[in-house]
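K.L.:
my questions are about this predicted structure, shown below with the sequence.
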Amino acid sequence: MSKLQLRAFLYQLAAFAILFLAFRYLIAAYTGLTGIWIPMTAFVIGTIIGPKFQAVRTKDGEKLFMKWLFVKGIKEIQ
């Protein structure tokens with residue numbers, strides 16, 4: 001695993017964790033869901049809404065890219 005692949009994994013993990021915790025709180029506070037349905041719903045929403053990071057080897061070297069539902073196209077991070 002290269003340095004940029006590790007960075008992409010950590011960015012993906014951090015983005016998912018932040019979204020999961022935020023949606024878990026919002027779902028618990030503002031919906032009637034109980035039990036296992038709160039984290040399951042937060043997981044699905046966090047997975048769908050979260051940005052996707054990927055390290056790609058190009059002719060110019062390895063680069064980090066991000067694709068997100070709310071940003072048009074694919075953005076180069078590094």
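P.N.:
Sure thing, it's come through. Numbering: from 1, shown residues only.

K.L.:
for the residue nearest in space to the middle of the chain, which residues are in contact?
P.N.:
For the chain, residue 50 is the residue whose C-alpha lies nearest the centre (CA atoms, centre = their mean; 3.4 Å). The contact partners of residue 50, by CB atoms under 8 Å, 6 or more residues apart in numbering, come to 12, 15-16, 19. C-beta: built from backbone N, CA, C; applies to glycine.

K.L.:
at 6 Å instead, please
P.N.:
With contact set as CB atoms under 6 Å, 6 or more residues apart in numbering, residue 50 has these partners: 15-16, 19.

K.L.:
can you list the residues you listed in CSV and add distance to residue 61?
P.N.:
As requested, these are exported to CSV (distance: CB to CB, whole Å):
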residue, distance to residue 61
15, 24
16, 27
19, 30
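
K.L.:
okay, and which of these map to helices?
P.N.:
Using DSSP state H, the subset of those located in helices is 15-16, 19.
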